[in-house]
Every structure is written in C-alpha cells, then in structure tokens.
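> Got a sequence here, can you build the structure:
(one chain, ligands or ions: 1)
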Amino acid sequence: SGAYDVDTLINAVPNLGKLASISGEQVVNIGSQDMNDDVWLQLAKALSATLAKDDVDGALIMHGTDTLEETSYFLSLVTKSPKPVVMVGSMRPATAISADGPGNIYNGVAVAADPKASGRGTLVSLNDEFHYARNVVKTNTTSVQTFESINRGPAGLVHTGTVEWFEPMDKKVGAQTEFSVDGLDTLPRVDVIYAHANMSADLIDAAVKNGAKGIVVAGVGDGNMTSPALETLKKIAASGVVVVRSTRLPQGLVLRNNEVNDDEMGFVASGELNPAKSRVLLQLALTLTSDPGRIQAMFYDY
Ligand code: GLU
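Take a look at the predicted model:
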C-alpha cells in the first residue's frame, strides 16, 4: 500500500471523466495501519478546505482498508459541509490479478456524484456496496467482501455506476454534531484494552500512567471483564479518566446498566460502537468534556 500517488490511481480508472470532473490532491501516502491523530487532523482540515470551494461538489478519499472504519467515522463526525464525502479502498493491490481498486474508485465517484449522498456524513464504498461510516467495519482479513454494517446493513448498492439507496441515517453527523477540529493540534490519548479470561489490571494501570485520558475496554460478552479489572476501572473513573465499555464481539449492543452497573461504576456503555469506533468518539468527546453522563449521551446520539 502507498505505492502509487493519487493521480496514478485516478488515471487507472477508465471512463471516470464521464461521471464527474476529477482533480486529485495528495494529503499523505501511507499504509492505513500507520494512521494517527496528526494525519486525521490534517486530513479533516484539508477535506473541509476542499469542500468549501465553490467548484467542488463532493470528495472521494482513497484510504487503506485496515483503519478505514476509524478514519471514516472521525471525518463523519467533524466535517461540517453537507457535500458528499465517500471513502474507498481496495483489498487487492494495483499489481494483483483482478485488482479491485479501479472498480471501487469508479463506483465511489458515482456515489459521491449522487445528490442523495449529501448530508449523510462520510460513506464507505467497496465491492458494490456503500455504508454509513458509523456502521461499517472490516470483517475479513483478505476477501474483497470485507466491509459490513453488522447490526444493520449497507446504506445502498452501487453497480457499474448505478446507485440504489436503502436506509436513511438515524444518527447525527457533520454539522449536527458538536465536534470541530478547528484550532485542534492534538487529540486526547485514548487506549483500547482487550478483555479475556484471567484479565489483570496491569495494562489499565500502564495506560493511565502513560497519559491516557480515556480507556475503551473491548469487553467479553455485553462489555464485561474480570472483577480486578472492574475494580481498577472504577477507581480510575472516579479519578476523572473516562471509561467506555465496548465489546470484543462483532454483533449486538453493549447495554447500559445491564450486566455492569454503569451508574455506580461511573462508566459509559458503547451501545453499537465497536472498540475502534468507541475510541474515535471518546477522543472527540474528550476535547469538550470528561463528564461520563454527557459522553454517554454522545454515544446514544452519534
Ligand atoms: N495494511 C494496508 C492498509 O490498510 C493494506 C490493506 C489495504 O491497502 O487496504 O493500508
């Protein structure tokens, strides 16, 4: 990944100019496993500046697939313009037999050029489907059919440039959110800790010692974890570090006050958001507040 620049990738797609008038802007050229807070902020600002131009009707962002579910959710929460933003990736490199990149770019441009894509937050388009950023997760290490909106389903289908919409988005995006990257140069540190049998509190302590302002637990089942981990997190939450319970499972909701008494522990329940997406939302939430009640409301709204 990261081997070709944006113009090379655009020029590899036949007939793209029939869908839209395209110009490329190279923000970075990295494998998405190296995505970090600095690049997120740089990308969000570059995207908003581009969308503000009168002669731009929408944007397509090419991104590696590994962290696509995180970057897309971040951009969806902070990009105020209602103009369509579609992210695409590819599972096979450009040099592979049956590379999927050019087809994904073609269909992604078709979605971005569709007036119905306006105001829906960032969309992710691959393999003839497109998804709301909030819902989409990568589910398969190597298959071209890897992106799914697990508890819901895709926002629509796109085939050879023909776009069909399904469900509307019921969560707040873009200008409806309270988040902004204006004036932000860094994001608060949030670590994800994976729960398992015999989980100790050592990694939780290490995260806080190293400056984490928030902790997301990829919990067992309905966001649960061992008693030592719960006890340590209760103390940490009382000290002002925000604790979000998510789950290591691919489906279902983490319910507030169901298996764990979040009111008593001072925790936030992640609902539908997996650990990676919970981390994005918690980082943005912590730019505004460390009140668990207010942050719980954000997890319901976004
Ligand atoms: N690890 C790479 C990335 O996410 C490869 C997968 C891909 O290119 O989509 O950037």
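> Which residue is the nearest non-sequential neighbour of the closest residue to the ligand within the stretch 151-300 of the chain?
Closest contact between the stretch 151-300 of the chain and the ligand, by Cβ to the nearest ligand atom, is at Ala276 (12.9 Å). C-beta here means a position set from N, CA and C on the backbone, and glycine is covered the same way. Nearest in space to Ala276, with sequence neighbours left out and distances taken as Cβ to Cβ, 6 or more residues apart in numbering, is Glu70 at 5.1 Å.
> quick one: the helices in the stretch 101-250 of the chain?
101-112, 202-209, 227-238 (DSSP state H, counting those that start in this stretch).
> Now do the shortest one, average pLDDT.
Spelled out, it's helix 202-209. The average pLDDT for helix 202-209 rounds to 98.
> Next: the last one.
Within the predicted structure, the mean pLDDT of helix 227-238 is 98.
> chain center to it, what's the gap?
How far helix 227-238 lies from its chain's middle: 27 Å, per Cα atoms, centre = their mean, to the nearest Å.
> repeat for stretch 121-141
On Cα atoms, centre = their mean, the centre of stretch 121-141 falls 9 Å from that of its chain.
> again, but for stretch 143-162
Using Cα atoms, centre = their mean, the offset of stretch 143-162 from its chain centre is 16 Å.
> Dump that stretch to PDB, restricted to CA.
What follows is stretch 143-162, C-alpha atoms only, in PDB (Å, rounded to 0.1, in the frame of the first residue of the first chain):
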ATOM      1  CA  SER A 143     -11.500 -11.100   1.000                       C
ATOM      2  CA  VAL A 144     -12.900  -8.400  -1.300                       C
ATOM      3  CA  GLN A 145     -16.200  -8.800   0.600                       C
ATOM      4  CA  THR A 146     -14.900  -7.500   3.900                       C
ATOM      5  CA  PHE A 147     -16.900  -4.300   4.800                       C
ATOM      6  CA  GLU A 148     -20.200  -4.800   6.600                       C
ATOM      7  CA  SER A 149     -22.600  -2.800   8.600                       C
ATOM      8  CA  ILE A 150     -23.100  -5.600  11.100                       C
ATOM      9  CA  ASN A 151     -26.200  -4.800  13.100                       C
ATOM     10  CA  ARG A 152     -27.900  -3.000  10.200                       C
ATOM     11  CA  GLY A 153     -26.900  -3.500   6.500                       C
ATOM     12  CA  PRO A 154     -25.400  -1.300   3.800                       C
ATOM     13  CA  ALA A 155     -26.700   2.200   3.000                       C
ATOM     14  CA  GLY A 156     -27.100   1.100  -0.500                       C
ATOM     15  CA  LEU A 157     -25.700  -0.800  -3.500                       C
ATOM     16  CA  VAL A 158     -23.700   0.600  -6.500                       C
ATOM     17  CA  HIS A 159     -23.000  -1.400  -9.600                       C
ATOM     18  CA  THR A 160     -21.100  -0.100 -12.600                       C
ATOM     19  CA  GLY A 161     -22.000   3.400 -11.500                       C
ATOM     20  CA  THR A 162     -25.700   2.900 -10.800                       C
END
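> How about the helix or strand hosting Ala46, which residues are buried there?
Secondary structure from DSSP states H and E places Ala46 in helix 37-51. For helix 37-51, burial by neighbour count (16 or more other Cβ atoms under 10 Å) applies to Asp37, Trp40, Leu41, Leu43, Ala44, Ala46, Leu47, Ser48, Thr50, Leu51.
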